[in-house]
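Colleague: Any chance you could fold what I've pasted below:
(4 chains)
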Number of protein chains: 4
Amino acid sequence: MTEGSDVSDWWRTSIIDMEPGRIDIRGTPIQDLIGNLSFPEMIWLMVMGTPLGPVQAKLFEAALVSAVDHGPQAPSIAAARMAATCGIGLQSAMATGLNMLGDVHGGAGEQAIALYHHLEKAGPDGLESGLSEWREAHGRYLPGFGHRFHKPTDPRAPRLLALVDEAAEAGAVSGAYAAIGRMIEEKLARDRGAPVPMNIDGATAVIYAELGCPGPVARGFFGLSRSVGILAHAWEQTLQGGRNKGPTPPHYRWRYTGDGHSN
Amino acid sequence: MTEGSDVSDWWRTSIIDMEPGRIDIRGTPIQDLIGNLSFPEMIWLMVMGTPLGPVQAKLFEAALVSAVDHGPQAPSIAAARMAATCGIGLQSAMATGLNMLGDVHGGAGEQAIALYHHLEKAGPDGLESGLSEWREAHGRYLPGFGHRFHKPTDPRAPRLLALVDEAAEAGAVSGAYAAIGRMIEEKLARDRGAPVPMNIDGATAVIYAELGCPGPVARGFFGLSRSVGILAHAWEQTLQGGRNKGPTPPHYRWRYTGDGHSN
Amino acid sequence: MTEGSDVSDWWRTSIIDMEPGRIDIRGTPIQDLIGNLSFPEMIWLMVMGTPLGPVQAKLFEAALVSAVDHGPQAPSIAAARMAATCGIGLQSAMATGLNMLGDVHGGAGEQAIALYHHLEKAGPDGLESGLSEWREAHGRYLPGFGHRFHKPTDPRAPRLLALVDEAAEAGAVSGAYAAIGRMIEEKLARDRGAPVPMNIDGATAVIYAELGCPGPVARGFFGLSRSVGILAHAWEQTLQGGRNKGPTPPHYRWRYTGDGHSN
Amino acid sequence: MTEGSDVSDWWRTSIIDMEPGRIDIRGTPIQDLIGNLSFPEMIWLMVMGTPLGPVQAKLFEAALVSAVDHGPQAPSIAAARMAATCGIGLQSAMATGLNMLGDVHGGAGEQAIALYHHLEKAGPDGLESGLSEWREAHGRYLPGFGHRFHKPTDPRAPRLLALVDEAAEAGAVSGAYAAIGRMIEEKLARDRGAPVPMNIDGATAVIYAELGCPGPVARGFFGLSRSVGILAHAWEQTLQGGRNKGPTPPHYRWRYTGDGHSN
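Modeller: Here you go, the predicted model:
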């Protein structure tokens, strides 16, 4: 990029190389990628540094499509809609929504990948002991299974798993993590005497694990996916108008729980 | 979604409808979209509310692919890389980078769309007068043309325009905005006696205008696209390590320009 | 700070100078400021570059104290509380809340300063014409006057104005902007036949104008002040617990306004 | 605040109570706080819920004053300055800077408080074993001691400690955490045969521990303090101008470390 210099060396990347008139992404001129790579293929190439086969790319695309939105009660969406009424730009409103995502909101996918890897190491006969170890370290709740709202079934999960099965049949992925996920599902159903089905976090975690994507990156991919919903809602709110939109109709206000004046 | 209530009415959306076990996006069950819609098609459906034809979707995809990155000297990318060394999550690092985008950084595309619309209203014989009016209102600089770095040509722009031409030949778009963009290009070259070619902002603005996308939304789409580069760089920096990465190697520090102690 | 270098020169500041073992703020060793300067005096010195007299500092302090909070229905506060349940750090939750502030939420103070400066230029006999000009350019609504909630009076405004009067009597400020603000108040009352009293934005704008603070900086100071409430609420919510707190109790959900499934 | 309702109950706070014309902060009308409480006293009251004695308030103020800035090489400051050239508002630029603060950048103070509390429990004779336990759990590095830049001494630390001593003499604080901090300092000097003096994080942690402030809140207070520097630098950069300011002068660019084109 430039002559040797400690200043240039302070910023090192293998993602992009540039000269006037030339932009190479992961070693390929960008004009050869535009129109030839799908957006999911470009996302994967940028972040992971390697190309993705066509069947794998479809699987990745399905994961990205599935997580775009869960409605205005999700903190990320609500915040973006409120931000859109506060007089900041649409991109800042997007950043406000995206900045809500963390260990709790949008973190379960990464945790589910870790759970699958843990059980993979425990081996086919180690499900029982592997789950016990996991729960001792992380608590009773298993990330990626059950849903407080979508009962009995999160409609996205079986559809995503069916796509994993198709990709496994086509030899594009091993199917090992789908099998682990289903073993957990069956075990939970046996233990509880009622189904605790895989949710979207568990199902996208299967896909990301099948594709060899590290947990933190899976969380980043969730961020990209949810950014779509954040943008859609911020824009819809912009069209609806409003100024300083609060969380509830103004006349409800809040419950004061301190001493002094009571209501 | 729920029984009539002023509380539910406070949050109104036509994007998503839900019941336990059911998620409809723009009126279609999400399991029917997963695996069938491409990610760009889902983005458009979510934000614009209408489906996009297959050729148009490819054009949109090309725009999304083209703007993912411009290297670590872009403030959005630099900020995300620094953030990745500060001990916040990857999604917060993404938000930090995304929050750099505004009227100046990532705003030229929206402005170029406004310019094209202005010239469209001025009509085929109104280029000269239309440009004069624009410059009187907005200053001499025309958004979307020329590049301080990519000389003579931004390699992304001709590739994107070629894809617009193909789509126009296929009847998927009118080609009207590509024509306007080229008229501006020719006029600038005549006036300056040297080429001032369309850059990526001008070329993606052609695509967004051809697709009927409002200016602010085009800026949001740029945010989605650049988020890919932000994530890729934040992750690469995470792997490189570092703590509290500053903008330059530490021994350079900064120039103190105040009174008192001098150096 | 370092030997001459274009790299160091890229970052120029008169705010801070450092060497190993030495930190000077605006030319004074920081250990001479710690314990001697009040926090408001330090804020002013840092941002404006000049010291503030003791009476003026008290006035500035009153403005900072007055704007810390307006309850959980303010988007900035609601977003910070929701963020505190999403598994990001307290400082990221603060950033989420702060990032809600813009032209609409927290922008009226800057606009009120602009209004006062406009009327100052119009002169003592130009109130009528000055207001007409302002309204032609910016719309009927006058920033800083009236309150959708605090009727008849925003309790912060008269208290702040009384402190300006005291400072004017002490010769620390001119009182010119308090006079302009009151002229507007009287004119609005005459025109409407009912009081439209100055609100907190109008009153803090009087203080910032009296102190010679530019409009955008006044907005930044509002951000510092409101950050206190943002932190307080984010911490209280942290102690209350909760996961992925949405804007309303979950069973209310939202109103779906699209076609397809109806409810 | 309102009639009993599950909607109002969803937002519960003991910080603020309001009716039209009335704003009570922690049970006191806000007009009685404005002009009477210092800004640090208001910050403490808001966040901690209890008043602070005058000597304690001075100590808290010193901590807030001491941490406002560490120059443009700190990621928070650099990001805010870059943001100020990207066409977003000053408050969004502040949010961008603030969002850099996390476990690594601005997290040492919280960790130092945890270290002090750990050693407090270990008791006066448990320094050796307490430090060993801490290092086994958290690694060799002790938060709050040593500085990569300020050698031999961070000028803020001794000044802050002297103020703690004065407050302890006045009976406003116990001085117990200052003693623990100094014990660590002496131990480190003995072990290394060279001074590893307390830095600003260690010294402000002493103050926050003396005042009974939980670790996460101390980190929030650091965020409030550093926001001052973030605002000052964002504003100075705004006055300096620039567009899309990157981290280094543009001609340096970055080091490409991938395959393909080399430079």
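Colleague: For chain A, just list every one of the strands.
Modeller: A:12-13, A:16-19, A:22-25, A:28-29, A:255-256 (DSSP state E).
Colleague: Export those to TSV and append columns for mean pLDDT.
Modeller: What follows is the strands of chain A, written out as TSV (pLDDT from 0 to 100):
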stretch	mean pLDDT
strand A:12-13	98
strand A:16-19	96
strand A:22-25	97
strand A:28-29	97
strand A:255-256	96
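Colleague: Chain B is nearest to which of these?
Modeller: strand A:16-19 (5.0 Å; C-beta to the nearest C-beta). The C-beta positions use only the backbone N, C-alpha and C, and glycine is treated the same way.
Colleague: Could you confirm whether the closest one reaches chain D?
Modeller: Yes: shown here: strand A:16-19 in contact with chain D (C-beta under 8 Å from any C-beta of the partner chain) through A:Ile16, A:Asp17, A:Met18, A:Glu19.
Colleague: Return the members of these classed as buried.
Modeller: Buried subset of these (neighbour count, 16 or more other C-beta atoms under 10 Å in any protein chain shown): A:Ile16, A:Asp17, A:Met18.
Colleague: Now do the helices in the stretch 51-200 of chain A.
Modeller: Per DSSP state H, counting those that start in this stretch, the stretch 51-200 of chain A carries helices over the ranges A:54-66, A:75-83, A:90-98, A:108-122, A:127-138, A:156-169, A:176-192, A:200-210.
Colleague: And those: which comes nearest C:Ser66?
Modeller: Closest to C:Ser66 of the helices of the stretch 51-200 of chain A, according to C-beta to C-beta: helix A:75-83, at 23.4 Å.
Colleague: do the closest one and chain D meet at all?
Modeller: No: shown here: helix A:75-83 not in contact with chain D (C-beta under 8 Å from any C-beta), separated by at least 10.1 Å.
Colleague: again with stretch A:240-256
Modeller: Yes: judged by C-beta under 8 Å from any C-beta, stretch A:240-256 and chain D are in contact via A:Pro247, A:Thr248, A:His251, A:Tyr252, A:Arg253, A:Trp254, A:Arg255, A:Tyr256.
Colleague: Show me what from the stretch 151-263 of chain A comes close to chain C.
Modeller: Residues of the stretch 151-263 of chain A that fall close to chain C, judged by C-beta under 8 Å from any C-beta: A:Arg243, A:Asn244, A:Lys245, A:Gly246, A:Pro247, A:Thr248, A:Pro250, A:Arg253, A:Trp254.
Colleague: Now for the third one, how many residues are close by?
Modeller: Right, the one you point to is A:Lys245. Other residues near A:Lys245 come to 24 when the count uses other C-beta atoms under 10 Å in any protein chain shown.
Colleague: Who are the contact partners of it?
Modeller: By C-beta atoms under 8 Å, 6 or more residues apart in numbering or on different chains, the contact list for A:Lys245 reads A:Arg81, A:Met82, A:Ala84, A:Thr85, A:Cys86, A:Gln237, C:Pro75.
Colleague: Would you mind measuring from it to chain D?
Modeller: For A:Lys245, the distance to chain D equals 14 Å [C-beta to the nearest C-beta, to the nearest Å].
Colleague: ok, back up a step: between the residues of the stretch 151-263 of chain A next to chain C, which is nearest chain B?
Modeller: So of these, ranked by how close each gets to chain B (C-beta to the nearest C-beta), first place is A:Thr248, at 6.2 Å.
Colleague: Does the closest one touch C:Pro247 like I think?
Modeller: Yes: under the criterion of C-beta atoms under 8 Å, A:Thr248 makes contact with C:Pro247 at 6.6 Å.
Colleague: of these two, who's got more company?
Modeller: The neighbour count for A:Thr248 versus C:Pro247, taken as other C-beta under 10 Å, is higher for C:Pro247 (29 against 24).
Colleague: Quick one: residues contacting that one.
Modeller: Contacts of C:Pro247 by C-beta under 8 Å, 6+ apart are A:Pro72, A:Gln73, A:Ala78, A:Met82, A:Pro247, A:Thr248, B:Trp11, C:Ala78, C:Met82.
Colleague: what's the pLDDT at the closest residue to the fourth one other than its chain neighbours?
Modeller: If the residues on either side of it in the chain are set aside, A:Met82 comes closest to C:Pro75, at 4.1 Å by C-beta to C-beta, 6 or more residues apart in numbering or on different chains. The confidence metric pLDDT takes the value 97 at C:Pro75.
Colleague: what does the one 5 residues further on give?
Modeller: Confidence at C:Ala80, expressed as pLDDT, is 98.
Colleague: I figured it was touching C:Gly97, is that so?
Modeller: Yes: C:Ala80 is within contact range of C:Gly97, at 3.2 Å (criterion: C-beta under 8 Å).
Colleague: okay, and the common contacts of the two?
Modeller: Shared contacts of C:Ala80 and C:Gly97, counting by C-beta under 8 Å, 6+ apart, come down to C:Ile230, C:His233, C:Ala234.
Colleague: what does the stretch 151-263 of chain A have sitting close to chain B?
Modeller: A:151-156, A:158-160, A:162-163, A:216-217, A:219-224, A:227-229, A:231-236, A:238, A:240, A:248-249, A:252.
Colleague: In PyMOL, select just the buried ones from the residues you listed.
Modeller: A single PyMOL command selects the buried members of these (16+ other C-beta under 10 Å):
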select buried, chain A and resi 153+154+155+156+159+160+162+163+216+217+219+220+221+222+223+224+227+228+229+231+232+233+234+235+236+238+248+249+252
